[in-house]
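Asks: Sequence and predicted model, in that order:
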Amino acid sequence: TVNYYPFIVYYSFAFVPLCPIQINCKLIQKMGKRVLIIGAGGVGNVVVRKCASVPEVFSEIMLASRTKSKCDAIAADIKHMNIQTAALDADNVPEIVALINQFKPDLVMNIALPYQDLTIMDACLETGVHYLDTANYEPKDEAKFEYSWQWAYQEKFKEKGIMALLGCGFDPGQSQIYVAHAAKHHFDEMHYLDIVDCNAGDHGQAFATNFNPEINIREITQDGKYWENGEWKVIPAMSIHKPIEYPNIGPKESYLLYHEELESLVKNFPTIKRARFWMTFGQAYLTHLEVMQNIGITSIKPIMFQGREIIPIEFLKALLPEPGSLGENYSGETSIGCQIKGIKDGKDKTYFIWNNCKHQDAYNDAKAQGVSYTTGVPAMLGAKLMLEGIWMKPGVYNTEEMDPDPFMSQIGGYGLPWHEAINPVLPHEY
């Protein structure tokens, strides 16, 4: 069993300006910033709602997507702020540039597909606007995601005097901030890292994915990979698994996957000897997935159908429930955290930091299921810290390269409180 000792902090000062001088409303409005949010799916919905809840920072918001009606529906449901909307093809750099020049945002939040990271970054470079996303770039014709394409923009963004913050969702994003917090406050050296991600919810569907089905299925059907002793170890997809105990949930079968934050974490914390990522899946989900793989409907290779070319996984996406539609009847909760072993003051130390999020709480706050919520809330806070100048320096960065303290002091107040256990027994071999 794992011994958990929760440490819960309630941040009553989360929304109070640090300046002791009273600031009048007109000055706050002048201090506010414009943000362009691209993407109106489940996560985009959360990001818009959470940004609109902090009007002293996000004074003007535009939501853009290929399907403008999705943007209009979200905007119409937010009564206390006028959300502007626009149709946008995020694969088209000139079109993105034109919209940026029209709206003149201080920051572009890319909540669209990972395929579109580079086109949006190119548009931000051309217009001199800061950039944030929640997932790293992946080419559409190959199930391979890595940061090298985006890290290559480092010098260009520095020369332009603008910042790109990569992967500011939960995992990636808040998970890396947890590791940075551990490095700053709990360890002299971190040696072993296991990121554990459990969704113990029930959406009532026979089969559905909690975020974009195309991205989700591509992610879990490719080879697994983890870092050990200075090199990447590649394994067949879903071939390593074991039960892991999750707080308030209990033991769940967890599968070793490759996840993008591992790439940046082992780069930025070179004392890590082994880094792994684990995610839970139910047997019904795995059975459906196996059947779909066997008949080829998860393939990303084009096929001819009735005289036209289609991509099977895109057809599958059209058949499956929209992830953003799952929230209202979703029960249960998510649990995501980092389990770390290392050295402090010459002694072995273990550490576990996590968040649990109930799907119904997420729906009550932002009309979303928990997976969308836990991705969207950190994106809003990352954007807030950038626009306030707290997290702001020219170049391209991952979240663990920022000071974790401002984020950790505020994230609980926006709906994702964190807990920690010092020297628990962790469910891993060392």
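Replies: That came through fine.
Asks: residue boundaries of the strands in the stretch 151-300 of the chain?
Replies: Secondary structure of the stretch 151-300 of the chain, counting by DSSP state E, counting those that start in this stretch: strands at 163-166, 189-199, 224-228, 231-235, 241-246, 250-257, 274-280.
Asks: tell me what the second one is packed against?
Replies: Contacting strand 189-199 under the criterion 3 or more CB pairs under 8 Å, 6 or more residues apart in numbering; DSSP states H and E are the following elements: helix 174-185, strand 241-246, strand 250-257, helix 261-268, strand 274-280, strand 333-344. Just so you know, the C-beta spots here come from the backbone N, C-alpha and C atoms, and that holds for glycine as well.
Asks: In PDB, list the C-alpha atoms belonging to that strand.
Replies: Output in PDB follows, covering the C-alpha atoms of strand 189-199 (Å, rounded to 0.1, in the frame of the first residue of the first chain):
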ATOM      1  CA  GLU A 189      19.100  15.500  -6.900                       C
ATOM      2  CA  MET A 190      16.100  13.700  -8.400                       C
ATOM      3  CA  HIS A 191      17.000  10.200  -9.700                       C
ATOM      4  CA  TYR A 192      13.700   8.400 -10.500                       C
ATOM      5  CA  LEU A 193      10.500  10.000 -11.900                       C
ATOM      6  CA  ASP A 194       7.100   8.300 -12.600                       C
ATOM      7  CA  ILE A 195       4.200  10.400 -13.800                       C
ATOM      8  CA  VAL A 196       1.000   8.600 -13.000                       C
ATOM      9  CA  ASP A 197      -2.300   9.500 -14.800                       C
ATOM     10  CA  CYS A 198      -5.600   7.900 -13.900                       C
ATOM     11  CA  ASN A 199      -9.100   8.600 -15.200                       C
END
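Asks: So in that sheet, which strands flank it, and in what orientation?
Replies: Strand pairing for strand 189-199, determined by DSSP bridges: strand 274-280 (parallel), strand 333-344 (antiparallel).
Asks: Same list, the ones you listed, but as a markdown table with distance to residue 89 please.
Replies: Converted to a markdown table, these look like this (distance: least, CB to CB, whole Å):
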| stretch | distance to residue 89 |
| --- | --- |
| strand 274-280 | 32 |
| strand 333-344 | 32 |
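Asks: And the ones you listed: which comes nearest residue 190?
Replies: For the strands paired with strand 189-199, proximity to residue 190 was assessed by CB to CB; strand 333-344 is nearest, at 4.1 Å.
Asks: In that closest one, which residues are buried?
Replies: Using 16 or more other CB atoms under 10 Å as the test for burial, strand 333-344 gives 333-342, 344.
Asks: and it, average pLDDT?
Replies: Across strand 333-344, the average pLDDT comes to 98.
Asks: Past it, which element shows up next along the chain?
Replies: strand 347-358 (DSSP states H and E).
Asks: Report the angle between the next helix-or-strand element following that next one and strand 347-358.
Replies: Past strand 347-358, further along toward the C-terminus, the next helix or strand under DSSP H and E is helix 359-366. Orientation note: helix 359-366 sits at an angle of 70 degrees relative to strand 347-358 (axes from the mean of the first three to the mean of the last three CA atoms, to 10 degrees).
Asks: Report the mean per-residue pLDDT for the next helix or strand after helix 359-366.
Replies: With elements assigned by DSSP H and E, the helix or strand that comes after helix 359-366 is helix 370-387. The predicted model assigns helix 370-387 a mean pLDDT of 97.
Asks: Then stretch 224-233?
Replies: The average pLDDT for stretch 224-233 rounds to 96.
Asks: in that stretch, what counts as buried?
Replies: 224-227.
Asks: Distance to residue 277 added to the residues you listed, as JSON lines?
Replies: Formatted as JSON lines, the buried residues of stretch 224-233 follow (distance: CB to CB, whole Å):
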{"residue": "224", "distance to residue 277": "9"}
{"residue": "225", "distance to residue 277": "9"}
{"residue": "226", "distance to residue 277": "7"}
{"residue": "227", "distance to residue 277": "10"}
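Asks: Return the member of the residues you listed nearest to residue 110.
Replies: residue 225 (24.7 Å).
Asks: For the closest one, give me its contacts.
Replies: 232-235, 258, 262 (CB atoms under 8 Å, 6 or more residues apart in numbering).
Asks: Please identify which two of the residues you listed are farthest apart in space.
Replies: Among the contacts of residue 225, 235 and 262 lie farthest apart (CB to CB), at 13.4 Å.
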